[in-house]
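Asker: Build me a model:
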Amino acid sequence: MKRNAKETSAGSPQRRGPLARLLTTTRAEPDAAYRSGLNLTHVIGNLTVARTGHVTAWYVCAPQRWSFRTDDDRNRVLTDHALRLSELSGRRVHLRITHRPYPIAQWAQSLHGEAIAPIAGWDRYLEEEQRKVARLPLDLKTVYYGVRIGRVSGLGRTASKLGGSALTRALAALRQDIAELDRTMDAPGMEAAPATPAEMDWLLARSLGLGLPAPVALPRPSGVWHEQDVAEWTDGISWSSPEPYTPHIEVRGLRAGREVERCVSVCSFGQMELPPIPESGYGPWLQRLDRLGFPCEVSVTFDVRAGDEVGKEILDQLSRIRAQEKHHREHDVDLPLSLVRQRDIGVAIEDDNRSNFAGGATRVQAWVRVAVAGRDAEEVRDRVDALQKLYKGAITVVRPADQYKLAREFIPEEPLSTDAHKRRMPVTTMAGALPAASAEVGDRVGPNLGFTSGITRRAVMWHPWHNQEVREGSGLTPVVSTLGGGKTVLCGSIVYNTLRMGAPWVVLDPSGPVTRMCDLPELKPYSKAINLINAEPGTLNPFRIIPDPLPEHYQPQHADYINEDDPVKAAESAYHRAVTNARAQRKALAVDVMSGLLRAQITNSEATQRALMLAASRVDATVNASPRDILAALRKLDGAEMSEHGQHLAQLLEEAAELPQGQLIFPGVDGGDDRYKTEHLRLVVMSLRGLTLPTEGTNPNEWSLEEQYSMPLLYLAGWYAQRSIYDRPMGDRKGLWLDECHEMLRVSSGRTLLRKTGRDSRKHNVRALYATQDGGDILTADIANWIDSVFIGRTVGDDAQRAALKLVNIEPGNGYEKVLAGLSPRARGNKERRGNREFIFSDGDGGIERITVTLDHRPSLKTALDSTANPRARQEHNGHNPYTDDGVLDLLKGGTR
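Answerer: You can find the predicted model right below:
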């Protein structure tokens, strides 16, 4: 490494010199051994060894969920974290927070691997999605804890002279301490695992290249580095200070073959007056850094001190204060206020030590540093201002002098540069930092939905078939929001992205706006929009839309039967039960349909229900049956009263069959062909455009004839769409989106439809999206066992909010009702609100976060899914795509952020 020109002629570097003065590559003699200027001499696995012989074990924390938990749950997390810290009494701990760019290329490769027979234009789609994700500030936070576990016995300053095998033998003496520490760090509240060689490599690369863009690629880590290997991290990197007392240093390094320079300013935390966490809503005080629009590097060095040790010091200080008080009283002099404050603080600390929970008496003394980087001094100054504003009123943030020495503290095994800005606090306050609190939801392999928009911003990827194919779970997803809450935008985005991956979808959209998706140029060759109102007579025949189970779906080798004592018999029994259930469902559906075609006063009659059920029981409920068979059975009912009533019902239903809506239910005399051939299509959108649904909450006695007939047509259409599940091979991916589910749930056959879909979703590899306006409908439908994931959009009304929170397993009454009401806020004045929508997303695997679904990079799709009244919606978009600038292309080709 070349020396900086600003070094003295004797080779002794000035304060303005680079990191090279710390990492001298050779001594004056050519054959002399390499000696680094760092305190770090060895890295073995997750252990670092200092020149002084001190050994530190490094751990990486798993993300901690913070959002959408009750205060009791959050306090439990903080208490567990405090207990883990208290178990480190007597040790020095180095907390480091760094960041990784979101692995866009890796995600795109995974997504490509998950695509099965994608439609034409897949490569371009994949490129556009990468551009979208690359434009978002989505760095991934990594939290390291370095815990000092002792010294290599008898080495002192000779640690760097040991060979690898000798040092390994010396470290073996610490094996028991390391094993005990591993258990402590793995326990609830910390959940940290020993750092892997790759993670250690990343920590050192980010610490020595402080503030520089992340390296595109690092050499394959070996797990063991000696002092001579330090140059792998330091070559090509230099630190310098432009002028004495400059409030930043300049860091230069090579990234992707180009020299990059960043200005880095290190800030320290001063006086702290933190509000109660979590009751105040302030949140973990180190996690707040995630709210900045740029990543920060964090280094916190803290000593964990046992309560009895601190207690002795406090008692000694209180004795001195009491002596001073006595002296003042003897001379009849008022006590200085500063002395009174010191006494009160000491008494409070002593009380904490005596009365706190086990481990809660532990105290911590900490030095908190935050490094902010920018392309120039002005950007750094602006970012430091943002940091100070973030903590205004709670923590004083200062920019100390001697930035170079402060920056060295970020490097593992470097000592503290100064004792200034020491913060003394209870272990519970230190636990309140909870640096690992983050926003984790979704998976890393599915299409991008958008980004988290709660406590931090992270990319949200979700694979709709991951639960069925990997976790062997169900595939039912309720999507709940009030009118205008974004159900169409979210569901349409899921359908579009997975359709491009090759998964076929059937959509039932009664009002019809989603049919516009079929006109998108990239989807048009694979799509068909069907208005069932104009379909052939008998298309919605309740006996035909429930298909017979296929024998090939009940094979002994299937996972459901393979572990039975007699798989063949188990499969046969399951098949026969399915056939029987299908016939029962046809009869129940037919009775509901016949009831829906009659006026409410007649339907609610006990005699009517008895007559319809008796007639349905006499029909051979095969797929070849017809509602006209029920009319014939009504006319043949026995008993004078029942016969007369049956004749009357048959007459009323015959009249209904002559109307256009009724013709969809009653096939002609020849039966006709009621099927649309859709198996070759990827997207089928069925609508009932022209159907007049009754207003929510209206008394059925007040419905018009059109509103009355719309209900049976709606849930018949739901069954018709659901039939597509069984038209394709069982293991193939399939998607079903049913809108207006709250209307279907009014009748038993509608509830049966949703339950059947949920029950079959795992076996038939279906992702079913149920869109509804009220989560209470889902709760009362008895489908909770098959719910995998949930999306909750804007929800208003106390009952609806309570139901929505229960769907995502959040106890109502903890203040989250306001969050639901504030999602996707309505436009005010003349402002338009189109496109992006907000949801609470529960991914079914423990993750739950507030997310934003964005379609800005797909203006045509955004327009097609816009169900808000807009007279200009049909105008052509100007074609501008904000995701095509050269900077993003450089990133996709392996450049740096």
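Asker: Going by C-alpha atoms from here, please, whenever you check contacts or count neighbours.
Answerer: OK.
Asker: in this structure, which helix has the most residues?
Answerer: Looking across the chain with DSSP state H, the single longest helix is helix 567-596.
Asker: buried set for that one?
Answerer: Going by neighbour count (16 or more other C-alpha atoms under 10 Å), the buried part of helix 567-596 is 567-568, 570-572, 574-575, 578-579, 582-596.
Asker: From the contact counts, what lies against that helix?
Answerer: helix 606-617, helix 705-722, helix 748-760 (3 or more C-alpha pairs under 8 Å, 6 or more residues apart in numbering; DSSP states H and E).
Asker: Now that helix: average pLDDT?
Answerer: For helix 567-596, mean pLDDT is 89.
Asker: Could I get the buried residue list for the helix or strand just after that helix?
Answerer: Going down the chain from helix 567-596, the next helix or strand is helix 600-603, by DSSP states H and E. Neighbour counts using 16+ other C-alpha under 10 Å place 600, 603 of helix 600-603 among the buried residues.
Asker: C-alpha coordinates for helix 600-603, CSV please?
Answerer: Presented in CSV, the C-alpha positions along helix 600-603 are these (Å, rounded to 0.1, in the frame of the first residue of the first chain):
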residue,chain,number,x,y,z
ALA,A,600,-88.7,-12.8,0.8
GLN,A,601,-92.2,-13.2,2.3
ILE,A,602,-92.6,-16.5,0.5
THR,A,603,-89.0,-17.7,1.0
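Asker: What are the contacting residues of it?
Answerer: Applying C-alpha atoms under 8 Å, 6 or more residues apart in numbering, the external contacts of helix 600-603 come out as 595, 596, 608, 609, 700, 701.
Asker: Kindly recompute the last result at 10 Å.
Answerer: Outside helix 600-603, the residues that touch it by C-alpha atoms under 10 Å, 6 or more residues apart in numbering are 592, 594-597, 608-609, 612, 649, 699-703, 708.
Asker: Among these, name the buried ones.
Answerer: 592, 594, 595, 596, 597, 608, 609, 612, 649, 703, 708.
Asker: And the furthest pair within those residues?
Answerer: Farthest pair in these (C-alpha to C-alpha) is 612 and 703. Separation: 21.9 Å.
Asker: neighbours around the nearest residue to residue 226 once chain neighbours are set aside, how many?
Answerer: In space, and not counting its chain neighbours, residue 226 is closest to residue 42: 4.6 Å by C-alpha to C-alpha, 6 or more residues apart in numbering. For residue 42, the count of nearby residues is 24 (other C-alpha atoms under 10 Å).
Asker: Residue 42 belongs to a helix, doesn't it?
Answerer: No - Residue 42 is assigned strand when assessed by DSSP: H, G, I helix; E, B strand; the rest coil, not a helix.
Asker: surely it meets residue 228?
Answerer: Yes - the criterion here is C-alpha atoms under 10 Å, and residue 42 meets it with residue 228 at 9.0 Å.
Asker: Would you state the strands of the stretch 151-300 of the chain in chain order?
Answerer: With DSSP state E, counting those that start in this stretch as the criterion, the stretch 151-300 of the chain has strands at 192-194, 224-225, 238-240, 249-255, 258-272, 297-305.
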